[in-house]
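Visitor: Next comes the sequence, and after it the predicted model I'd like to discuss.
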Amino acid sequence: MPNPKRRHSKARRDKRRAHDALDRPASSTCPNCGEVKVPHRACRHCGYYKDREVVEVETGL
């Protein structure tokens, strides 16, 4: 396999890596309890989705 003849500069390396950063997952707030949740999913904290309870949430451990 061919090898590079010259070393690539740090700037050139970093330009290539500029798009490799991870994005934060999208989030929204639950209108029922105000906790942060994933959009279009039932709230893990209270079990509500679109103003109605769809998941029964266990309280306590």
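Guide: Structure received. Residues are numbered from 1 along each chain as shown.

Visitor: Find the residue at the geometric middle of this protein.
Guide: By Cα atoms, centre = their mean, the chain has its centre lying nearest to residue 25, at 1.7 Å.

Visitor: Run a quick neighbour tally on the closest residue to that one other than its chain neighbours.
Guide: Leaving aside its sequence neighbours, residue 25 sits nearest to residue 38 (Cβ to Cβ, 6 or more residues apart in numbering; 6.9 Å). For every residue, glycine as well, the C-beta is placed using N, CA and C. Residue 38 has 12 neighbours, counted by other Cβ atoms under 10 Å.

Visitor: Next up, the contacts around residue 38.
Guide: 25-28 (Cβ atoms under 8 Å, 6 or more residues apart in numbering).

Visitor: do residue 15 as well
Guide: Contact partners of residue 15, counting by Cβ under 8 Å, 6+ apart, are absent.

Visitor: if you set the cut-off to 10 Å instead, what comes out?
Guide: Contacts here follow Cβ atoms under 10 Å, 6 or more residues apart in numbering; on that basis residue 15 touches 8-9.

Visitor: And for residue 47?
Guide: Residues in contact with residue 47 (Cβ under 10 Å, 6+ apart) are 30, 32-33, 53-58.

Visitor: 6 Å instead, please
Guide: Taking Cβ atoms under 6 Å, 6 or more residues apart in numbering as the contact definition, residue 47 lies against 53, 55, 57.

Visitor: ok, it to residue 26 distance?
Guide: Distance, residue 47 to residue 26, using Cβ to Cβ, to the nearest Å: 20 Å.

Visitor: Repeat that for residue 19.
Guide: In terms of Cβ to Cβ, residue 19 sits 19 Å off from residue 26.

Visitor: same deal with residue 16?
Guide: From residue 16 to residue 26 the distance is 27 Å (Cβ to Cβ).

Visitor: just the strands in this protein please.
Guide: Here the chain has its strands, by DSSP state E, at 28-29, 36-37, 48-49, 52-53.

Visitor: Show me the least confident stretch of these, going by mean pLDDT.
Guide: For the strands of the chain, mean pLDDT drops lowest on strand 52-53, to a mean of 90.

Visitor: All set, thanks.
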